[in-house]
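Peer 1: need a structure here:
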Amino acid sequence: PGAFTTKRATRRPAAWPRFQPTAAAPAVSLGEQRRRRRPPAWAAVALVLMAFAARAGAAAAWLAATPARAAAAAYGAAAFSRFAASWPLYCTIPLTAGVFNALTNKLAVTMMFEPVRYRGRRPFGWQGIVPKAARRMGGDVADLLMRELLDVEAMVSRVDADHLAALLVDAPEVVELGVAACRKTFPSAPEGLVRATLTAPRLRRVAAAPIRAVQANVTRAVDVRRLCVDRLCDDPRQLCDLFRRCGKPELDAVVTLGGWGGLLLGVLQMGAWALYPRAWTLALGGAFVGFATDWAALKILFSPVEPRKIGPLTVQGLFLRRQAEVSADFADFVAAELVAPEHLWRALLTGPRRAAVVDHVVAALRAELPGLVASAGDVPAQLAELADRGLAELAADPALTRPTEAYLARALDVETLSLIHISEPTRQEAI
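Peer 2: Numbering: from 1, shown residues only. Model (predicted):
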C-alpha cells in the first residue's frame, strides 16, 4: 500500500492547476461548451444510416433463413439456367418486338393516307383515315386559313386592275371571243359596228371596271373558303400531301421511336419470359409494348407545347420545335395548291357567286359600250346574257387567262402573306 500510494502520488499532483482566462484564451460559457461537445449534423445522419443498415442486414439475414427466400433464390436460379441454355432464342424476343413494332407503326402511318378511295366490299374494306375525313378536315383547314392566315381583301388590293386588264385583253384571241359573243347576243347589230366598238382600249376598261368592283367587295364575288374546301375534298390527295409535307419528320420519328422503344421494352419482356414462360405473356407483353411506345412517341412529338427548361436542357415537342419550317411548308402549299391564280380565276368565273361578277360586267358594258347597247335596245336580259356568255367562254379556255398568272402570283404573294401571319406570336395556337 505504501508503494502504491507513493506511485499514485507521483502520477497525480495533489491539486490540478486552475484554468486562467487570458486574452488569447477568453472564458467560455457552459452553454457554449455544451454546443461544442455536440456532434455535427453529418455525424448524426451517418449514425442514422448505420442503424438503418444494421436493421436491414438483420432483416435480410432473417429473410434468407425463411423457406420463401430459399424458394425465390431457387426460382431465379432456374430462370437463369433456362436463359443460359437457350439465350439465342431468348434474344429474339427484343429483336422481334423492335422489328414488328416499327413495322406496325409504319403500317399505321401508311393507313392514315392510303388508299385514297374506299377499297373492298363493305363492311370489309378500308379507306385512309385522312381521305375519309377529307370534308371535315378540309373545312377545318379552310376555316384556319380564313380566320387566321389569309386576309383576302388585303391580298387582292395589291393587284393593279389596269395592268391585269391589259394582260387579259391584249391577246387577239380575247378580242375575237368578245366579238363572237356580241354577234351571238345581238344578231341584229352590224358586224362593222361591233368591231369598231370592241377596241382594245375599251375592252381594257370593260375588264378593269369589274376587277375594281371585285376588289371593293371580294367576298361578294369569290367564296375563297369554298374554293379551299373544294380543292382539298375533290382530290383528297391534296390533303394527304399537306399532312405528309408538313409532318414527314414526325411521321418518320413515330416509326423510328416505335422500333427502338420496342427493342428496349422487349428486353424487359425477355426477362419476364425467363421468369414466367407462359405463351399468353408474349401476347400481353406485345400489346403493352405497342401501346407504351406509341404513347411515348406522341408525347415526344407534341409535348410540351411551350419550351421548358429542365436543368441545362430546353425541352419542347419535336413537331412544335419545327414551327418555322412547318409554317414555310404550309404557306407554300397554300400558295401553290389552294389559292393559286388559276384556281382563283376558276372560282371567279364559274363559282357559286359568279352572278355578282356578271352584274359588274353588265355595269361596265353600259358605261363603256353605249353605242352597242343603244343598237340592241338597251335590253337588260341581253346584256346579262352577253356578260354570262363572255365569262363562260373565258373560263372554258384556261389558256386565255394564263398570261395573267405570273403577274397575279407576284402581286398576291400569298406565300409571304401567309408566312407573316403564321409567324406572329399570337398565331401559335393556329399552328
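
Peer 1: C-alpha from now on. contacts and neighbour counts both.
Peer 2: Will do.

Peer 1: ok, which stretches of the stretch 1-150 of the chain are strands?
Peer 2: For the stretch 1-150 of the chain, the strands defined by DSSP state E, counting those that start in this stretch occupy 119-121, 124-126.

Peer 1: Wait, residue 414 touches residue 155, no?
Peer 2: Yes - the pair residue 414 / residue 155 is scored as a contact, 7.3 Å apart, by Cα atoms under 8 Å.

Peer 1: coming back round to it: could I get the strands of the stretch 1-150 of the chain as JSON lines with mean pLDDT?
Peer 2: Output for the strands of the stretch 1-150 of the chain, formatted as JSON lines (pLDDT from 0 to 100):
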{"stretch": "strand 119-121", "mean pLDDT": "85"}
{"stretch": "strand 124-126", "mean pLDDT": "85"}
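
Peer 1: out of those strands, which comes closest to residue 405?
Peer 2: Closest to residue 405 of the strands of the stretch 1-150 of the chain is strand 119-121 (Cα to Cα; 38.2 Å).

Peer 1: any low-confidence regions in the stretch 151-300 of the chain?
Peer 2: Scanning the stretch 151-300 of the chain for pLDDT under 70 picks out 189.

Peer 1: What is the neighbour count of residue 406?
Peer 2: 10 (other Cα atoms under 10 Å).

Peer 1: residues in contact with it?
Peer 2: Contact partners of residue 406, counting by Cα atoms under 8 Å, 6 or more residues apart in numbering, are absent.

Peer 1: follow-up on the earlier one: compare the strands of the stretch 1-150 of the chain and report which one is nearest to residue 306.
Peer 2: That would be strand 124-126 among the strands of the stretch 1-150 of the chain, by Cα to Cα, at 36.8 Å.

Peer 1: Can you list the helices and strands that the closest one packs against?
Peer 2: strand 119-121 (3 or more Cα pairs under 8 Å, 6 or more residues apart in numbering; DSSP states H and E).

Peer 1: Tell me the buried residues in the strand it packs on?
Peer 2: Buried residues in strand 119-121, counted by 16 or more other Cα atoms under 10 Å: none are found.

Peer 1: what's that strand in contact with?
Peer 2: Contacts with strand 119-121, where a contact means Cα under 8 Å, 6+ apart, come from 125-127.

Peer 1: go on, stretch 338-351?
Peer 2: With contact meaning Cα under 8 Å, 6+ apart, stretch 338-351 is reached by 221-224, 227-228, 231-232, 334, 354, 357, 391-392, 394-395, 398, 401-402, 405, 408-409, 414.

Peer 1: From the chain's centroid, how far away is the helix or strand hosting residue 241?
Peer 2: Per DSSP states H and E: residue 241 is located in helix 236-275. Chain-centre distance of helix 236-275: 17 Å, with Cα atoms, centre = their mean, to the nearest Å.

Peer 1: what do you get for stretch 329-349?
Peer 2: 21 Å.

Peer 1: What are the boundaries of the helices in the stretch 201-350 of the chain?
Peer 2: Per DSSP state H, counting those that start in this stretch, the stretch 201-350 of the chain carries helices over the ranges 218-221, 224-234, 236-275, 279-302, 318-321, 323-333, 341-350.

Peer 1: could I get those helices as JSON lines with distance to residue 366 and mean neighbour count?
Peer 2: Formatted as JSON lines, these follow (distance: least, Cα to Cα, whole Å; neighbours: other Cα atoms under 10 Å):
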{"stretch": "helix 218-221", "distance to residue 366": "20", "mean neighbour count": "18"}
{"stretch": "helix 224-234", "distance to residue 366": "29", "mean neighbour count": "20"}
{"stretch": "helix 236-275", "distance to residue 366": "42", "mean neighbour count": "20"}
{"stretch": "helix 279-302", "distance to residue 366": "59", "mean neighbour count": "16"}
{"stretch": "helix 318-321", "distance to residue 366": "56", "mean neighbour count": "19"}
{"stretch": "helix 323-333", "distance to residue 366": "41", "mean neighbour count": "18"}
{"stretch": "helix 341-350", "distance to residue 366": "20", "mean neighbour count": "20"}
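
Peer 1: Please identify which of the ones you listed is closest to residue 178.
Peer 2: helix 341-350 (15.3 Å).

Peer 1: that older thread, tabulate the helices of the stretch 201-350 of the chain in JSON lines, adding columns for distance to residue 312.
Peer 2: Output for the helices of the stretch 201-350 of the chain, formatted as JSON lines (distance: least, Cα to Cα, whole Å):
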{"stretch": "helix 218-221", "distance to residue 312": "51"}
{"stretch": "helix 224-234", "distance to residue 312": "44"}
{"stretch": "helix 236-275", "distance to residue 312": "24"}
{"stretch": "helix 279-302", "distance to residue 312": "18"}
{"stretch": "helix 318-321", "distance to residue 312": "17"}
{"stretch": "helix 323-333", "distance to residue 312": "22"}
{"stretch": "helix 341-350", "distance to residue 312": "49"}
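
Peer 1: Looking at those helices, which is nearest to residue 118?
Peer 2: Closest of these to residue 118 is helix 236-275, at 11.9 Å (criterion: Cα to Cα).

Peer 1: and the closest one, what does it pack onto?
Peer 2: Partner elements for helix 236-275 (3+ Cα pairs under 8 Å, 6+ apart): helix 67-85, helix 87-113, helix 129-132, helix 134-144, helix 224-234, helix 279-302, helix 318-321, helix 323-333.

Peer 1: Compare those and give me the one nearest residue 387.
Peer 2: helix 224-234 (22.3 Å).

Peer 1: quick one on the thing from earlier: just the contacts of strand 119-121 now: which is nearest residue 110?
Peer 2: residue 127 (10.9 Å).

Peer 1: For the closest one, give me phi and psi.
Peer 2: Main-chain torsions, residue 127, degrees, to the nearest 10: phi -140, psi 140.

Peer 1: what's the pLDDT at it?
Peer 2: Here, the pLDDT recorded for residue 127 equals 87.

Peer 1: what number of residues lie near residue 196?
Peer 2: Residues near residue 196, counting by other Cα under 10 Å: 10.

Peer 1: Please identify the helix or strand for it.
Peer 2: Using DSSP H and E, residue 196 falls in helix 191-197.

Peer 1: Give me the buried positions along that helix.
Peer 2: Quick answer for helix 191-197 (16+ other Cα under 10 Å): 194, 197.

Peer 1: how far does it sit from the chain's center?
Peer 2: 58 Å.

Peer 1: Which other helices and strands does it contact?
Peer 2: Judged by 3+ Cα pairs under 8 Å, 6+ apart, the packing partners of helix 191-197 are helix 172-185, helix 370-375.
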